[in-house]
Structures are given as C-alpha cells and as structure tokens.
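Chemist: Got a predicted structure here, sequence first:
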Amino acid sequence: MDANSPPWIDREVTHFIRIKYSVFFIRKKYSVLKKYRKCRTEYRKRKLCQISQIIKYLVKRKHRDYLLKIQDSFRDNQRLFWSYHKAVFDHRSTQTPAISYKGKLAETTSDKAELFYCYFSYVFQPSKYNQHQASKFSSSQLRIDAQLLEMDFSEHNVANCLRNFDTSKASGPDGIPVRFLKECSQKIAPNLCSFFNLSLQSSWIPSEWKSADITPINKEDSKEPGENYRPISLL
C-alpha cells in the first residue's frame, strides 16, 4: 500500500481491489491503452473508456463507504476521522525531499538509506567493553535489587500483553503480523514465557531480539539536512 494513499484505501481495500478489480482491470486498462495508441479504433476507444469508468466508480464507492464507516464509528474510533482529516487537509507530498549529509546529496531510496546509515553510525557510540571483558563482572560487584533476581514471567502476563497489542502497528523485523500475535496469544504464550524466563536465568539476550527496523524521524523544520533526523527503532 502506498504511504501517500488516502486512508480509505487501506490494506483490506487494497487487497480487495488487487484481487477482484485492479489486478485485472488496471493491467487490462494499460493493455487497452497501449493497443489504442497503436491503432485508434472506435472499439478500442470505447473499451478504454469503459475500463476507466469501472475503476473510477470503484474508488468513489470505496470513498463513500469509508465516510459512512467514519460516521458510524466516530464515537468509539476517532482515529478514522483524524486520518481522513489529514488526508484531505494535510496530504503528504508524493515526492520525498532529497537528503544531504557532509556535502553529499541523496535522492533515490537506496542512496538515502546509505546516507542515513553513515550518519547514524557516526553519531552512535559503541560500548568500550567487549563481551569477554563484560563477562568478568560478577554479581558481587553489582548492586542488584533482590526483587530483580526473583523476577520471572508468567504465561498469564505474557498472554495479557499479547492481547493488548495494537493491530494498527506495523510488524517488526521478523515480519510476524501483530494480529497473529494477538489472536493466537493463548497458544503461543507458554513458549514465549519459557523463552523469556530462560533469557533471564541465563543472563543472555539472543541477538535476534536486539534487531530493529530504523525509521528516520525529522525533528526540525528543514527536511533536507540528514542531521535533522533521529533514528527511531521499531522493535
């Protein structure tokens, strides 16, 4: 789904359109358009107009259904209204600005990713201790609250956290949908609970748990300087 699409073109709508309409009609439209440009016959002209009208009608109907959905659920779900408000009055530009850093200008997506990688790596300060040096610290050298030593996870708490997940949030680096974790909370809570407790008991965190998707967030008015962005981790 395009990040600049109107809010009524959500994942469900996009999936529906692609499966039952867009995959067939849009491809057919451009196929018809290509044929029409090669040979401008009346038949092909009518075919092109017909396909265009079908797509236009579909988008209008989805828009109307979305407005009705906002009206019916406004009291319980005001997020729909504000997403519509943003799309209408503060629609984002389809062209993201170029990003500059240390005299280099990045315009393509891959160049921007490389630029942010260089900048975030520069401002990041790695630990001056390696894993071997850190392992030399003993528990007697650290002041640890006794309650922390007795802390563990219960299946009930893990399942409760999973049930409270916000399904509107994006998936993490593992690609597991949030809705799957929420709907299957009772089934997967025991295994997750065992993993978490094992991590506490062994004082070890798997490297996969430290992975995160980094999203650059602009913190200043100007969007061009790379220094105006801060990395936000999406775990």
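Modeler: That came through, no problem.

Chemist: Please enumerate the strands of the chain.
Modeler: All strands of the chain, identified by DSSP state E, fall at 99-101, 104-106, 213-218, 229-234.

Chemist: looking at these, which is buried most?
Modeler: strand 99-101 (a mean of 19; mean count of other CB atoms under 10 Å). Any C-beta I mention is one placed from the backbone N, CA and C, and that applies to glycine too.

Chemist: For the chain, just list every one of the helices.
Modeler: Here the chain has its helices, by DSSP state H, at 11-16, 23-38, 42-73, 79-89, 109-123, 131-134, 146-149, 155-163, 178-183, 185-202.

Chemist: before we move on, back to that, put together TSV for the strands of the chain, with mean pLDDT and distance to Glu42 on each row.
Modeler: Listed next are these as TSV, based on pLDDT from 0 to 100; distance: least, CB to CB, whole Å:
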stretch	mean pLDDT	distance to Glu42
strand 99-101	89	50
strand 104-106	89	49
strand 213-218	83	51
strand 229-234	83	53
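
Chemist: Could you list the domains of the protein?
Modeler: 11-89, 99-124+149-234 (the TED database).

Chemist: that older thread, output the strands of the chain as TSV; include the columns distance to Ser207.
Modeler: Formatted as TSV, the strands of the chain follow (distance: least, CB to CB, whole Å):
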stretch	distance to Ser207
strand 99-101	28
strand 104-106	29
strand 213-218	15
strand 229-234	15
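
Chemist: how many other residues sit next to the residue nearest to Ser185 when sequence neighbours are not counted?
Modeler: Distance criterion CB to CB, 6 or more residues apart in numbering; nearest residue to Ser185, sequence neighbours excluded, is Leu162 at 3.5 Å. For Leu162, the count of nearby residues is 20 (other CB atoms under 10 Å).

Chemist: OK, contacts around Leu162?
Modeler: Residues near Leu162 by CB atoms under 8 Å, 6 or more residues apart in numbering: Leu181, Lys182, Ser185, Ile188, Ala189, Leu192.

Chemist: Can you check the pLDDT for the third one?
Modeler: Right, the one you point to is Ser185. Looking at Ser185, its pLDDT stands at 91.

Chemist: Same question for Glu155.
Modeler: Looking at Glu155, its pLDDT is 92.

Chemist: That one and Asp166, how far apart?
Modeler: Separation of Glu155 from Asp166 (CB to CB, to the nearest Å) stands at 22 Å.

Chemist: So which of those two has more stuff around it?
Modeler: Each of Glu155 and Asp166 has its neighbours counted (other CB under 10 Å); Glu155 has more, 14 against 7.

Chemist: these two touch, right, the more buried one and Cys193?
Modeler: Yes. Look at Glu155 against Cys193 with CB atoms under 8 Å: they come within range, at 4.8 Å.

Chemist: Lowest-scoring secondary structure element of this protein by mean pLDDT?
Modeler: The helix or strand of the chain with the lowest confidence, counting by mean pLDDT, DSSP states H and E, is helix 23-38 at a mean of 51.
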